[in-house]
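S.K.: return atomic coordinates for the entry below.
(chains A and B)
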Amino acid sequence: MSTAQKKRPLSGVRVLDFGLLTAGANTSAMLADLGADVLKIESGAYLDPFRVVGKIDDNDGWWNRSPPFRFTNRNKRGLALNLKDPEGQRIIRELARECDVVVENFRRGVLDRAGLGYAQLSALNPRIVMAAISSQGDTGPERMNVSFGSTLDATSGIAALTGYEGEEPRISGMDVNYPDQIVSLFASGMVITAIMEARRTGKGCFLDFSQREVASFTLGEEILAASADPAHPQAPRGNREEGVAHQDTYRCRNGRWIAVTLTAADPEMEAFCMAHDRDTAVSALLARGITAAPCNDGADLLRDTALAGATLARDQQGELVKGLPYRLDGRGITIERPAPDLGQHTWEVLRDILGYDEGQLRRLAEAGVTSTMPSVGET
Amino acid sequence: MSATDVLPLGRFTLLEVNDRDVPLCLRLATSLAAKIAADLGADVLKIEPPGGDPVRRAPPSLPQGESALFQFLNTSKRSLVLDLATDTGRSTLVRLLDKADAALFEEPASIAALVRSRRATPIEIAAFPIEMNAALRPVSEFTILALGGLLHMVGEPERKPLRLGGHQASYAAGLTAFTGLTAVLAARDAGQMPPSVRVSLAEVMQWVNWKAASGAEASGASPGREGKRSEFQVVPCRDGHVAVVYTVTQWPATRALIGDRRLDDARFNTRAGRRQNIAELYAILTPWFANRTRAEIQKEAQARGVPFGPIFSPRELLATEQYVARGFLAEVAHPRLGRLRLPQLPVQWNGRSFAPRPAPELGLPELAA
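M.R.: Here you go, the predicted model:
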């Protein structure tokens, strides 16, 4: 039986997705993977920045070919509606009546100013759950602060504990932007919790996520230890870990690295690794019951289909996209639709969900309320 | 119970089954997922082996000698000691499984088959995907970070790869297991057959590190640690360090903020140009930071929409204005350990936070049920 035939945990749930980049867009992607119908809303004047930062060529339609956009937005339908146009705002309010969830990670205040904030939408649809994901949360003196990925490595405390021993702190960097990657793992679970409450009580809620808090939450024991003990160490520790006798990375003969965790320091480990190629070293250590693994890079991950069999997937066009972080009934996911082109499903959705006719749809396109092309110059 | 009745997961009963001899990195993931559910009101019963969950003795510790790690990971739960090697222990477990909605456990475990066969939906936490055929392979959180490709990303290119601070592999898996758990509860709630959930730390880390695979697929070259070659670097300032972070579109604002005319040089106009001339770029940027404090830098940068990140230690976060204003760091009154300060769930629900209750003390083994 295919997963499409079986009712899935979020079958029947519809999501209005204003999510951008990873933090927002991946939260709704995870809801889509569980069966929700996700309507991604962009506009010609404001694309998901992933379409721009992941640009691979300058030819016509470049905005539909970005790998990071494709990775993160599969299994969604895409609409382009101008949020600054009163007509675009009116259509979104109509759609909100037909949705269960709104996901957004705009800067605070953007949706409110467009008349699309939680107060306005919940007045139209009391069961709506709004997930607002922002750098610092919806309240507090820093609520308007901007951040980008590794800003939060710094401000959350993670960077302070990362780095070579005795040297300066480090961030995960622009190819990881670690704090952005973990928010959706928590936020989607909270949204599902709120959907259950809305089903039971008929009342939705406003979920206010601070990405910085999510990152600091992963240091709970460090914050607790520091609050109780002024002497608790707070500096980069290299690869050391309290409670672990010895662990470190070692360079192998072929220049690749391995990670080893030992029950006691082994002065010969460095020489052993330098005498073997990476994969031979790992196999030999594992055979001796020693905890070891290769420091994989992106190419290794692409090759290791046993490891990446569910976390990476292919869409119908054969393109690589994000898979699932977990297995449901032992399986990964089938990608039911590739990431949408800009505005690909605007007409389909407005016709099917709101009952718009051909004439209305044409007028909206002519007025620039809907679009399939960026109206601003690319950066 | 009226207090928990109004919490969103208040009507669900969950088991966290801690078997003996399980790698610590799996236990941390299971415990985090169950803790989140417990803070949200679920009735979570933690089954501990005789002698207790080894995390009770894991660092970092509080001055009283108790484990801060255990106190953080087990808030709002109840605990029951069961010897799952005995028939009595197992039959008690069966009775509990038949009353629960879902059960979280680490795999491989002696009780895996048992947990999979009862009323409670199983949520399994493992080190590796089944396809790796590595159930008995020795594992640590560190080697999981290596396998998922995260170590390869942090540090200087010519020096050793570095781990991120904290228990990132275990906790990312714990967050994933929490979301899997809610999917199970939502399916049960809707009268559907819930899916079983299996979370492996290795897959979660690979998933989190998707840009490595995406980058390698798109360009044929794997992204890796760039250290001092990166456009984002950490620089010293008067009272600590700041992470220099800005997007392509924020470069003009960044240039204006630093206000050094040498940055107007055309070489710095594009990302490619800045990367090619990175040492010169940082030679110009660094002095601006040296005589400013983190607070001054953050204020001036935010005023121009530039997302520089002042680096705070976990201790400094306790006094951070933003965290204080949002009440993010909760005070828990522990009956024996006194006042504990720890982060509460990083979400507010209609403006309300979820105050954690203290972690359970180790009880006596359940002789009979």
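
S.K.: which residues touch the closest residue in space to residue B:247 that isn't next to it in sequence?
M.R.: Spatially, and ignoring its direct neighbours in sequence, residue B:247 is nearest to residue A:148 (5.6 Å; C-beta to C-beta, 6 or more residues apart in numbering or on different chains). Using the backbone N, CA and C atoms, a C-beta is placed for each residue, glycine as well. Residue A:148 makes contacts with A:177, B:245-247, B:250, B:307, as judged by C-beta atoms under 8 Å, 6 or more residues apart in numbering or on different chains.

S.K.: so the residue of the stretch 51-200 of chain B found nearest chain A: helix, strand or coil?
M.R.: Distances between the stretch 51-200 of chain B and chain A by C-beta to the nearest C-beta are smallest at residue B:165, namely 2.5 Å. Here residue B:165 is coil, with the state taken from DSSP: H, G, I helix; E, B strand; the rest coil.

S.K.: got a pLDDT number for the residue lying closest to it once chain neighbours are set aside?
M.R.: Excluding its sequence neighbours, the residue lying closest to residue B:165 (C-beta to C-beta, 6+ apart) is residue A:161, at 2.5 Å. With respect to pLDDT, residue A:161 scores 98.

S.K.: thinking residue A:161 is in contact with residue B:166, fair?
M.R.: Yes - Residue A:161 lies in contact with residue B:166 (C-beta atoms under 8 Å); the separation is 6.2 Å.

S.K.: remind me which residues of chain B are low pLDDT?
M.R.: B:1-5, B:364-369 (pLDDT under 70).

S.K.: cutoff 90 now
M.R.: B:1-6, B:108, B:135-136, B:219, B:248, B:363-369 (pLDDT under 90).

S.K.: the residue nearest the centre of it: what's its closest spatial neighbour, skipping adjacent residues?
M.R.: In chain B, the residue lying closest to the centroid (C-alpha atoms, centre = their mean) is residue B:171, at 3.1 Å. Closest residue to residue B:171 apart from its sequence neighbours, by C-beta to C-beta, 6+ apart: residue A:218 at 4.6 Å.

S.K.: what's the answer for residue A:125, then?
M.R.: According to C-beta to C-beta, 6+ apart, the nearest residue to residue A:125 is residue A:97 (5.0 Å).

S.K.: and that neighbour, what pLDDT?
M.R.: pLDDT at residue A:97 comes out at 98.

S.K.: related to what we said a few turns ago, look up how far residue B:309 lies from the residue nearest to residue B:247.
M.R.: 9 Å (C-beta to C-beta, to the nearest Å).

S.K.: and the residue of the stretch 151-300 of chain A closest to chain B?
M.R.: Counting by C-beta to the nearest C-beta, the stretch 151-300 of chain A gets nearest chain B through residue A:161, at 2.5 Å.

S.K.: that residue and residue A:151, how far apart?
M.R.: 17 Å.

S.K.: that older thread, wait, doesn't the residue of the stretch 51-200 of chain B closest to chain A sit right on residue A:154?
M.R.: No - between residue B:165 and residue A:154 there is no contact under C-beta under 8 Å: 11.8 Å.

S.K.: more neighbours: those two, which one.
M.R.: The neighbour comparison of residue B:165 against residue A:154 (other C-beta atoms under 10 Å in any protein chain shown) goes to residue A:154, with 33 against 26.

S.K.: check which helices and strands the host helix or strand of that one is in contact with.
M.R.: Following DSSP states H and E, one finds residue A:154 within helix A:150-156. When contacts are defined as 3 or more C-beta pairs under 8 Å, 6 or more residues apart in numbering or on different chains; DSSP states H and E, helix A:150-156 sits against helix A:178-201, helix A:211-217, strand B:240-244, strand B:309-310.

S.K.: can you put these in CSV and add distance to residue A:86?
M.R.: As requested, the helices and strands packed on helix A:150-156 are exported to CSV (distance: least, C-beta to C-beta, whole Å):
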stretch, distance to residue A:86
helix A:178-201, 29
helix A:211-217, 31
strand B:240-244, 40
strand B:309-310, 38
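
S.K.: many thanks, we can stop here.
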